[in-house]
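J.: Okay, predicted coordinates and the sequence, questions at the end:
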Amino acid sequence: ESGTYKGMIEDCCCDYETVESVNAEVLHPLLQELVKTPFFRYFKVKLWCDCPFWPDDGMCRLRDCSVCECPENEFPEPFKKPFRNGLPSDDVMCQEGKPEAAVDRTLDNRAFRGWIETDNPWTNDDETDNGGMTYVNLLLNPERYTGYAGPSARRIWDAIYTENCPKYSSGEICQEKKVLYKLISGLHSSISIHIAADYLLDETTNLWGQNLELMYNRVLKYQDRVRNLYFTFLFVLRAVTKAADYLEQAEYDTGNHTEDLKTQSFMKQLLYNPKLQAACPVPFDEAKLWQGQSGPELKLQIQKQFRNISALMDCVGCEKCRLWGKLQVLGLGTALKILFSVDGHDHQVQRLQLQRNEVIALVNLLNRLSESIKFVHEMGPSIERIMEKQ
Ligand code: FAD
């Protein structure tokens with residue numbers, strides 16, 4: 001069945017149908033395999049937050065809400081308190097008691113050992129700074145409905161949109177500002193789609209399934225949200241293919257030789273995919289940006305805004321949402337870094353340097369977006385028909 005959206009994706013170089021078919025035929029199957037490999041399934045993350053924006057409203061009490069990592073008597077007293085006293089009901093960000101909201105930290109020790117051995121060559125600051133860092137097995141922690149909603153969640157999205165990337169008016173000509181807004185909106189659509197695609201339909205029987213109404217009401221009903229999802233997908237895809245030479249040579253060594261060979265092979269198939277190259281050789285043309293007189297200044301401003309967005313992730317009041325929020329914002333940040341710090345037009349071409357965790361975030365983000373595109377493509381038209389009849 002052909003999708004609802006036709007024509008070129010705004011500011012991109014491919015049309016909807018092409019993206020949908022390349023995604024369904026090659027990208028989605030490859031990415032699904034890639035994210036299962038030992039290299040890509042462990043993400044290093046600091047889940048214990050220190051929200052820099054509103055320190056006093058209890059956002060950072062969430063260690064209590066997660067799977068226990070240590071005996072309760074090891075928890076600092078202040079962490080326990082709010083949990084014991086309960087939180088105001090309209091500000092319930094603690095998902096305590098809801099297994100779907102907690103991060104499962106179970107690790108595959110074999111792969112984990114391999115990681116440590118090969119950890120150093122990639123980074124020395126971030127990844128060796130282990131204070132508060134945890135490795136999380138992403139396969140055990142799917143992005144889905146967690147029950148995180150209400151003022152706490154709303155506050156984050158509001159802060160992201162109003163402070164950092166205000167929706168551009170139709171007269172907005174600044175391409176770069178539009179890009180930041182569209183990236184965030186596209187990511188937001190993808191998060192909503194994952195919530196709707198894996199939803200707790202009945203708490204008493206613990207029945208999980210698709211909530212098509214939610215998908216319609218949060219995303220499909222709004223054309224711009226769907227369009228932004230496609231835009232974000234192409235933007236990240238462009239970053240991955242632009243960094244192809246770097247990513248091909250990167251070390252995917254986890255100590256599990258057979259698995260690592262598979263990772264390398266899938267990566268190659270993704271990076272130099274003949275079908276993708278034939279159908280959509282340049283998914284997004286980053287060379288058009290930052291060309292104006294105020295280019296460098298604008299770049300700094302947008303960089304600052306993006307850093308704020310990434311800092312806001314520490315204020316997300318549900319651990320699993322924070323995990324995926326951090327991963328995907330790091331993935332977007334990595335895409336921005338690839339597309340805008342290695343400037344083909346600049347004479348001072350910088351050498352691209354990526355951290356291991358950035359590569360993991362980038363590929364997992366691309367996979368999430370690819371899943372969302374597949375969902376919209378396959379389910380979108382029939383959901384729209386059903387909902388519009390009601
Ligand atoms: P929200 O999704 O909170 O949207 C708020 C407002 O933003 C909307 O009213 C609309 O005006 C605007 N908006 C919505 N979508 C878009 C878009 N695509 N583009 C532009 N504007 C838009 N919940 C989970 O159950 N599981 C998760 O994994 C999860 N992860 C999250 C990660 C982050 C970083 C954040 C901030 C929240 C997360 N949440 C998660 C919460 C979830 O995103 C919603 O906030 C929550 O489900 C409440 O939804 P809502 O209907 O109030 O609308």
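T.: Great, that's in hand.
J.: Every contact and neighbour count from this point should use C-alpha atoms.
T.: Will do.
J.: For the stretch 1-150 of the chain, which residues are neighbours of the ligand?
T.: Contacts of the stretch 1-150 of the chain with the ligand, taken as Cα under 6 Å from any ligand atom, map to 143-149.
J.: So which residues of the stretch 201-350 of the chain form strands?
T.: Secondary structure of the stretch 201-350 of the chain (DSSP state E, counting those that start in this stretch): strands at 207-209.
J.: Spatially central residue for the protein, please.
T.: residue 328 (2.1 Å; Cα atoms, centre = their mean).
J.: I figured residue 144 hits residue 194, correct?
T.: Yes: in terms of Cα atoms under 8 Å, residue 144 counts as a neighbour of residue 194; the distance is 5.3 Å.
J.: Hmm, residue 313 and residue 325 touching each other?
T.: Yes: using Cα under 8 Å as the test, residue 325 is close enough to residue 313 to be in contact (6.2 Å).
J.: which of these two has more neighbours?
T.: residue 313 (24 against 21; other Cα atoms under 10 Å).
J.: Buried by neighbour count, from the residues of the stretch 1-150 of the chain next to the ligand: which ones?
T.: 143-149 (16 or more other Cα atoms under 10 Å).
J.: So which of those residues are in strands?
T.: Per DSSP state E, strands hold no members of those.
J.: if we can go back for a sec, who are the neighbours in contact with the residue nearest to the centre of the chain?
T.: By Cα atoms under 8 Å, 6 or more residues apart in numbering, the contact set of residue 328 is 187, 361-362, 364-365.
J.: got those as a markdown table, with neighbour count, pLDDT and secondary structure columns?
T.: As requested, the contacts of residue 328 are exported to a markdown table (neighbours: other Cα atoms under 10 Å; pLDDT from 0 to 100; DSSP: H, G, I helix; E, B strand; the rest coil):
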| residue | neighbour count | pLDDT | secondary structure |
| --- | --- | --- | --- |
| 187 | 27 | 98 | helix |
| 361 | 28 | 94 | helix |
| 362 | 25 | 96 | helix |
| 364 | 25 | 98 | helix |
| 365 | 27 | 98 | helix |
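J.: Let me have the buried ones among the residues of the stretch 1-150 of the chain next to the ligand in CSV, extended by pLDDT.
T.: Formatted as CSV, those follow (pLDDT from 0 to 100):
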residue, pLDDT
143, 91
144, 90
145, 91
146, 88
147, 86
148, 86
149, 84
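J.: that older thread, how close does the residue nearest to the centre of the chain get to the ligand?
T.: Counting by Cα to the nearest ligand atom, to the nearest Å, the gap between residue 328 and the ligand amounts to 9 Å.
J.: any idea how far that residue lies from residue 370?
T.: 13 Å (Cα to Cα, to the nearest Å).
J.: show me where pLDDT drops low in the stretch 101-250 of the chain?
T.: 101-132, 163-173 (pLDDT under 70).
J.: What segments of it are helices?
T.: Assigned by DSSP state H, counting those that start in this stretch, the stretch 101-250 of the chain shows helices spanning 109-117, 151-158, 175-197, 212-215, 223-242, 244-249.
J.: Select, out of those helices, the one closest to residue 283.
T.: Using Cα to Cα as the measure, helix 223-242 is the one of the helices of the stretch 101-250 of the chain that comes nearest residue 283, at 5.2 Å.
J.: can you give me the offset of the closest one from its chain's centre?
T.: Its chain's average C-alpha position is 12 Å from that of helix 223-242, according to Cα atoms, centre = their mean, to the nearest Å.
J.: Over to residue 43. Which of the three states is it?
T.: When classified by DSSP: H, G, I helix; E, B strand; the rest coil, residue 43 comes out as strand.
J.: That one contacts residue 136, doesn't it?
T.: Yes: between residue 43 and residue 136 there is a contact under Cα under 8 Å: 5.3 Å.
J.: Alongside the ligand, which residues does the stretch 151-300 of the chain contribute?
T.: Close to the ligand, as judged by Cα under 6 Å from any ligand atom, the stretch 151-300 of the chain has residues 153-154, 156-157, 185-186, 188-189, 192, 195, 218, 225.
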